[in-house]
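> 3D model of this:
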Amino acid sequence: MTSSLLEESELGESVRLADGAPVTLREMRGDDIPRLRRLHTRLSRRTVYRRFMTPTPRLSERTVAYFTDVDHLGREALVATSGDDIVAVAQYHQTAGTTEAEVAILVEDAWQRRGVGRILIKRLIERARRRGIRVFTGTMLSENPGALALLRVFFPDAVTEVSGPELTFRASLAPSGIRSLDPALFEPRSREAILPRSA
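Residues are numbered from 1 along each chain as shown. Predicted coordinates:
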């Protein structure tokens with residue numbers, strides 16, 4: 001990773017959530033592995049299940065690698081931090097040879113319904129567009145009301161398909177396919193946990 005690939009203005013952006021809580025938004029770094037493992041220990045079983053669709057008592061090396069294997073081009077991950085703790089992660093992995101990318105977001109229980117997930121998704125969409133990505137895809141549990149609400153907020157015209165307990169979606173990042181990224185959208189609301197199949 002070289003700094004020439006990165007927007008310097010986005011390295012360590014301090015924002016305040018609607019409830020006044022400060023967080024810092026930045027890119028995932030190679031030294032974030034211990035922070036990711038600590039984040040996982042703070043998640044409820046429900047949040048873990050909604051994110052991984054299976055009981056996951058600990059993060060495997062493969063999953064940690066998926067989170068941290070980023071080049072800030074076709075593979076991106078942004079985090080929100082409070083102090084030295086990661087409290088939310090949003091990421092996309094571009095499908096090779098296409099302009100599509102799988103998107104995923106995970107928000108710690110104590111930070112859910114506070115708007116941090118929406119802010120991260122906004123930043124992720126902006127970056128994806130600049131990288132030439134035209135479509136986000138993803139998979140979630142169809143009974144996850146928070147993830148469905150997040151999908152409706154950003155991608156009201158997304159194409160969805162339900163198969164058993166899973167819902168998959170394809171959402172255009174073109175202006176006609178995405179709702180405005182106005183900050184007024186980012187009020188504290190529902191739980192966020194969207195899962196890419198490859199995690």
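> name the next helix or strand following the longest strand along the chain along the chain.
Longest strand in the chain, counting residues (DSSP state E): strand 85-94. For strand 85-94, the following helix or strand on the C-terminal side (DSSP states H and E) is strand 100-107.
> what pairs with that next one, parallel or antiparallel?
If you go by DSSP bridges, strand 100-107 pairs up with strand 85-94 (antiparallel), strand 135-141 (parallel), strand 193-194 (antiparallel).
> turn the ones you listed into JSON lines, including mean neighbour count and mean pLDDT.
Just so you know, the C-beta spots here come from the backbone N, C-alpha and C atoms, and that holds for glycine as well. Shown next, in JSON lines, are the strands paired with strand 100-107 (neighbours: other Cβ atoms under 10 Å; pLDDT from 0 to 100):
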{"stretch": "strand 85-94", "mean neighbour count": "23", "mean pLDDT": "96"}
{"stretch": "strand 135-141", "mean neighbour count": "22", "mean pLDDT": "91"}
{"stretch": "strand 193-194", "mean neighbour count": "26", "mean pLDDT": "46"}
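> sorry, back to before: using CSV, write out every CA atom in the longest strand of the chain.
Listed next in CSV are the C-alpha coordinates belonging to strand 85-94 (Å, rounded to 0.1, in the frame of the first residue of the first chain):
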residue,chain,number,x,y,z
ASP,A,85,-11.1,0.3,19.6
ILE,A,86,-12.6,-0.5,16.2
VAL,A,87,-16.4,-0.2,16.6
ALA,A,88,-17.5,-0.7,13.0
VAL,A,89,-16.2,-2.0,9.7
ALA,A,90,-17.5,-1.4,6.2
GLN,A,91,-15.8,-3.2,3.2
TYR,A,92,-16.1,-4.1,-0.4
HIS,A,93,-14.2,-6.7,-2.5
GLN,A,94,-14.4,-6.2,-6.2
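> for Thr24, which of the strands paired with strand 100-107 is the nearest?
strand 85-94 (9.9 Å; Cβ to Cβ).
> distance from the chain centre to the closest one, please.
5 Å (Cα atoms, centre = their mean, to the nearest Å).
> quick check: angle from the helix or strand hosting Tyr49 to strand 100-107?
Following DSSP H and E, one finds Tyr49 within helix 45-52. Relative orientation of helix 45-52 versus strand 100-107 (axes from the mean of the first three to the mean of the last three Cα atoms, to 10 degrees): 170 degrees.
> show me what helix 45-52 is packed against.
If you count contacts as 3 or more Cβ pairs under 8 Å, 6 or more residues apart in numbering; DSSP states H and E, helix 45-52 packs onto strand 100-107, strand 193-194.
> for those strands, give me TSV that also has distance to Ile86.
What follows is the helices and strands packed on helix 45-52, written out as TSV (distance: least, Cβ to Cβ, whole Å):
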stretch	distance to Ile86
strand 100-107	9
strand 193-194	15
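> most tightly surrounded among the ones you listed?
Among these, strand 193-194 has the highest mean neighbour count (mean count of other Cβ atoms under 10 Å), at a mean of 26.
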